[in-house]
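1. please work out how this folds:
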Amino acid sequence: MSSSSSTRRRLLQLLLVTAGSWGLGGPISLAQPASSTASPPLQLLRIGYQKAAANLVIVKQSGWLEKRFPNTKIGWIEFPAGPQLLEALSAGSLEFGLTGDSPPVFAQAAGKDLVYVGAEPSKPDSSAVLVLKDSPLKTLADLKGRKVALQKGSSAHYLLVRAVEKAGLQWSDIQPVYLTPADARAAFERGSVDAWAIWDPFYAATELAIQPRALSTGRGLSGNNSFYLASRAFANQHPDAIVALFQELTRADRLVQQERAAAVKLIADFSGLDAGVVSLFLQRRPPSPVGPIAPSMVADQQRVADAFHKLALIPRPVDVTQIVWRPDARVAAARP
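-> Numbering: from 1, shown residues only. Prediction:
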């Protein structure tokens, strides 16, 4: 048996043992309604994820959801960034997905009908404003007049807004260049842009490949919260399914913390990322159990929204509280 197969089998055995000890391994019944109206059968569950979504990758590779929802077709779709994921969610191509802090703000401002259903703790060290190692730029103030690559509407967008503010600059003082992560890295490496605002795993991959310098991480600038979102219809019709998802995701996080080497191997094999890249971005990622959205996170999101509106980066002001899902007491009590 190959080393890869042995490691994968060992992790999956640990997943099964841990599932039994936590009592979370059996199929969930959606017969019990979350309100006075019974939930309709869950026939299709399509989940959007990104490469660094460690908990979702573990759940996908474990097959937990297929066991828990034996009569439901489960689909998994990878996206390069949160804006593209939420566009698919709002178009009805997904039911559930994970993004950073900025994409939901842009989606809400565009009138997309989605809701925040849960969150992971902040990861401020998982994003940075990078320059090449031999760049003459030494501080954030040196970004004045420079081209900075970023994915529009991503968590890196807010990081850059805050970085510019910290440097005492105006947004108009820089030249934002809106590119997907893959295109941004290519532009960054060939010197077509002067800096790059980016998140893991792209940050970790670039760090190991070409040793750029970070003018700043998100620490002290952006909490870089991660949010789980769903269509409003899905959240209202299938609250028990959301509870089940969060239980499995939290179980996955415990495995990431307790069996780090095996988790690195599994994520690397699945994603195609180098194991060193996975190990590095997991080092920067705190324990990330999934829970309800705390009032402090709602306040953080409102600050993100207000900052984007102040700079006319979104077309209208938004009230974040209007799209925070409020499950009934029974469902809320069943969350991990």
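2. for the spatially most central residue of the chain, phi and psi?
-> The chain has residue 99 as the residue nearest its centroid, 3.5 Å off, counting by C-alpha atoms, centre = their mean. The phi/psi pair for residue 99 (degrees, to the nearest 10) reads phi -140, psi 180.
3. report the beta-bridge partners for it.
-> Beta bridges link residue 99 to residue 227, judged by DSSP bridges.
4. contacts only, for it.
-> Shown in contact with residue 99 (C-beta atoms under 8 Å, 6 or more residues apart in numbering): 50, 82, 83, 85, 86, 155, 226, 227, 229. Quick note: C-beta positions are derived from backbone N, CA and C, even for glycine.
5. can I get those residues in JSON lines with neighbour count, pLDDT and secondary structure?
-> Output for the contacts of residue 99, formatted as JSON lines (neighbours: other C-beta atoms under 10 Å; pLDDT from 0 to 100; DSSP: H, G, I helix; E, B strand; the rest coil):
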{"residue": "50", "neighbour count": "25", "pLDDT": "92", "secondary structure": "coil"}
{"residue": "82", "neighbour count": "31", "pLDDT": "95", "secondary structure": "helix"}
{"residue": "83", "neighbour count": "22", "pLDDT": "96", "secondary structure": "helix"}
{"residue": "85", "neighbour count": "26", "pLDDT": "97", "secondary structure": "helix"}
{"residue": "86", "neighbour count": "25", "pLDDT": "97", "secondary structure": "helix"}
{"residue": "155", "neighbour count": "29", "pLDDT": "95", "secondary structure": "helix"}
{"residue": "226", "neighbour count": "26", "pLDDT": "94", "secondary structure": "strand"}
{"residue": "227", "neighbour count": "21", "pLDDT": "97", "secondary structure": "strand"}
{"residue": "229", "neighbour count": "31", "pLDDT": "98", "secondary structure": "strand"}
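6. which of these sits closest to residue 74?
-> Residue 74 has its nearest neighbour among the contacts of residue 99 in residue 85, at 16.7 Å by C-beta to C-beta.
7. tally of neighbours for residue 41?
-> When counting by other C-beta atoms under 10 Å, one arrives at 10 neighbours for residue 41.
8. pretty sure it belongs to a strand, no?
-> No - assignment of residue 41 by DSSP: H, G, I helix; E, B strand; the rest coil gives coil, placing it outside any strand.
9. you'd agree it is up against residue 73?
-> No - Residue 41 is beyond contact range of residue 73, at 11.5 Å (criterion: C-beta atoms under 8 Å).
10. tell me where the model's unsure across the chain.
-> 1-38, 328-336 (pLDDT under 70).
11. before we move on, the earlier item: want to throw the contacts of residue 99 into JSON lines with distance to residue 127?
-> Output for the contacts of residue 99, formatted as JSON lines (distance: C-beta to C-beta, whole Å):
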{"residue": "50", "distance to residue 127": "13"}
{"residue": "82", "distance to residue 127": "12"}
{"residue": "83", "distance to residue 127": "15"}
{"residue": "85", "distance to residue 127": "17"}
{"residue": "86", "distance to residue 127": "18"}
{"residue": "155", "distance to residue 127": "6"}
{"residue": "226", "distance to residue 127": "11"}
{"residue": "227", "distance to residue 127": "15"}
{"residue": "229", "distance to residue 127": "19"}
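12. quick one: the strands in the stretch 151-300 of the chain?
-> Along the stretch 151-300 of the chain, counting by DSSP state E, counting those that start in this stretch, strands occupy 175-178, 195-199, 213-217, 226-231.
13. how many neighbours does residue 210 have?
-> There are 13 residues near residue 210, going by other C-beta under 10 Å.
14. and it, how far from residue 156?
-> According to C-beta to C-beta, to the nearest Å, residue 210 and residue 156 sit 18 Å apart.
15. residue 49 now?
-> Distance check for residue 49 against residue 156: by C-beta to C-beta, it reads 18 Å.
16. would you mind telling me which of these two has more residues around it?
-> Applying other C-beta under 10 Å to residue 49 and residue 156 shows that residue 156 carries more neighbours, namely 32 against 23.
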